[in-house]
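**Q** Sequence plus the predicted model coming up.
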Amino acid sequence: MNAERKTKYEFLFAVFLLLVFVAISSLRTSPDTYKQILKTIQGSQTETAPISPNTVETAFSPYGGATDLIVKAIESARETIRVASYTFSSRPIANALIAAHAAGIDVAILVDHSQISPRSLSLIPMMAKKGILIRADIDHAIQHNKYMVIDHKTVETGSFNYTASAENNNAENVLVIWNSPSLAETYEEEWMNLWEKAAPYKEAR
């Protein structure tokens, strides 16, 4: 290889190294560029909802913060709370729903028909007296759902009945999925289907 050709190859190689250095430097100094590349590669499979440690919260019982997490979800409400419950004797949860109703939040509770009797230990009669909308499921043998839909975007669910026993004695779980409108819509549609078939509190008694 003559000297002129060698010099030419050395120059081209130097230009190549310079271009590589500039590209690497650009990615280092512009993380948004890198994120955009990843987004383009992933395409429609990319999650639209942000994923963070606060998207989902869970708690367990007994004495694992389950009731506190439910109360936290209730207190986050700014517009609506839709509740589907089986048994209901948790005073902290009932008080949180009453406080939300008093603050102007639209609260409505669907319950199992066994919960509407004044002779039961349920707190449903107390909440009805406070003006909260309540209907009883008389269409199924048992209304065994336990969930809440809050502000059309947050879902609280799990095995946890809204009772003192669930907090103090049982092995239960609570799951709150924050800011998931699509999931909330699914739960709220099912809640509305049950609500429309249920009997108003006074009639069900």
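**A** All right, it came through fine.

**Q** The lowest-mean-pLDDT helix or strand in the chain: what's the following helix or strand?
**A** Of all helical and strand segments in the chain, the minimum by mean pLDDT, DSSP states H and E falls on helix 31-42, at a mean of 42. Proceeding N to C from helix 31-42, the next assigned helix or strand is strand 56-61, under DSSP states H and E.

**Q** contacting residues around the helix or strand encompassing residue 82?
**A** Element membership for residue 82 (DSSP H and E) is strand 80-84. Residues from elsewhere that reach strand 80-84, judged by CB atoms under 8 Å, 6 or more residues apart in numbering: 74, 97, 100, 105-110, 143, 145-152, 188, 191, 194. For glycine as for every other residue, the C-beta is placed from the backbone atoms N, C-alpha and C.

**Q** Return the distance of stretch 141-158 from the chain's centre.
**A** 10 Å (CA atoms, centre = their mean, to the nearest Å).

**Q** what comes up buried for that stretch?
**A** For stretch 141-158, a neighbour-count test (16 or more other CB atoms under 10 Å) marks 143, 145-151, 153-158 as buried.

**Q** Among the residues you listed, name the ones in strands.
**A** Judged by DSSP state E, those include 147, 148, 149, 150, 154, 155, 156, 157, 158 as members of strands.
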